[in-house]
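A.B. asks: Requesting a structural model of the entry that follows:
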Amino acid sequence: MLNSKDIANALYEIKAIQIRPDRSFVWTSGIHSPIYCDNRLTMSYPDVRKKIVQHFAKMLEEMDVKPDVIAGCATAGIPHAAWLADYLELPMVYVRSKPKGHGKKNQIEGKIAPGDKVIVIEDLISTGGSSLESALVLREAGAEILSVLAIFSYGLNKADVQFNQAAIPFSTITSFDVLADALVEKGEITIDEKQNLLEWRDDLGNN
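C.D. replies: Numbers count the residues shown, from 1 in each chain. Predicted structure coming up:
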């Protein structure tokens, strides 16, 4: 079974995650960042996406309570939720960021019933806002949210605070910290650059 460092390396190798210690990436918010994460790229790499699904399945295997339904967050969480639901032979739904503007005006697509135990799948957790919104929509529909699972997390304190406030657990396959360690081992960054990356993350997470 692959560990979190193996997945971090795989994401880095396919350029789903890129690192620039000079912080030359600019996010939509205007933040100058040393990291760019686009896990949508995993769709184009069958071997990587298969490993991700297997890792998610292992995480569920270790949980005391098993899900009835796998839910994907629109849009990047949807393919991974679909592959995982297929792998486990479970029903799947997905949650839109807002209700559809026509027809039945659904926000949840697929069948969810009160009392269903649900795992929410996301590709990335930064502050946790979007994945929590999806989880809360499902909760309002009567579902019991067992956990939110994601491929990668920046490890921001804001995410911990928001998930704790909502009383919803979350876990990720790999993280910013694991990636930083892996890149030092590979000689891609220095120990000083790693420390600078973690300080940037910690400053961002507390603002």
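A.B. asks: Spatially central residue for the chain, please.
C.D. replies: Nearest to the mean C-alpha position of the chain, by Cα atoms, centre = their mean, lies residue 150 at 2.5 Å.
A.B. asks: quick one: it is in a strand?
C.D. replies: Yes. Counting by DSSP: H, G, I helix; E, B strand; the rest coil, residue 150 is found in a strand.
A.B. asks: Could you list which residues are in contact with it?
C.D. replies: 77, 121-125, 131, 170-173 (Cβ atoms under 8 Å, 6 or more residues apart in numbering). Yep, even glycine has a C-beta here, placed from its N, CA and C like the rest.
A.B. asks: in the chain, which spans are strands?
C.D. replies: 17-19, 25-26, 32-33, 35-37, 69-73, 92-95, 108-109, 117-125, 144-153, 170-175 (DSSP state E).
A.B. asks: Burial-wise, tell me which of those strands comes out on top.
C.D. replies: strand 69-73 (a mean of 27; mean count of other Cβ atoms under 10 Å).
A.B. asks: neighbouring strands for it, and are they parallel or not?
C.D. replies: Applying DSSP bridges to the sheet, strand 69-73 is found paired with strand 92-95 (parallel), strand 117-125 (parallel).
A.B. asks: Can you pull out the low-pLDDT segments for this structure?
C.D. replies: 1-2, 100-104, 205-207 (pLDDT under 70).
A.B. asks: Can you tell me the number of residues neighbouring the closest residue to residue 14 other than its chain neighbours?
C.D. replies: Distances taken as Cβ to Cβ, 6 or more residues apart in numbering place residue 45 nearest to residue 14, at 5.2 Å, with adjacent residues excluded. Other residues near residue 45 come to 16 when the count uses other Cβ atoms under 10 Å.
A.B. asks: and what of residue 4?
C.D. replies: Residue 4 has 18 nearby residues by other Cβ under 10 Å.
A.B. asks: circling back: any idea how far the residue nearest to residue 14 lies from residue 15?
C.D. replies: 10 Å (Cβ to Cβ, to the nearest Å).
A.B. asks: ok, back up a step: now the strands paired with strand 69-73 in CSV, please, with extra columns for distance to residue 85.
C.D. replies: Compiled in CSV, the strands paired with strand 69-73 are given as follows (distance: least, Cβ to Cβ, whole Å):
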stretch, distance to residue 85
strand 92-95, 4
strand 117-125, 9
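A.B. asks: and of those, who's closest to residue 32?
C.D. replies: strand 117-125 (18.7 Å; Cβ to Cβ).
A.B. asks: Determine how far the last residue of stretch 119-133 lies from the first.
C.D. replies: End-to-end distance for stretch 119-133, by Cα to Cα, to the nearest Å: 14 Å.
A.B. asks: Stretch 14-31 too?
C.D. replies: Termini of stretch 14-31 sit 24 Å apart (Cα to Cα).
A.B. asks: Could you list the buried residues of it?
C.D. replies: Buried residues in stretch 14-31, counted by 16 or more other Cβ atoms under 10 Å: 14, 16-17, 19, 21.
A.B. asks: between those residues, which is closest to residue 179?
C.D. replies: For the buried residues of stretch 14-31, the nearest to residue 179 is residue 17 (6.4 Å; Cβ to Cβ).
A.B. asks: So for that closest one, what's the nearest residue that isn't a sequence neighbour?
C.D. replies: residue 11 (4.6 Å).
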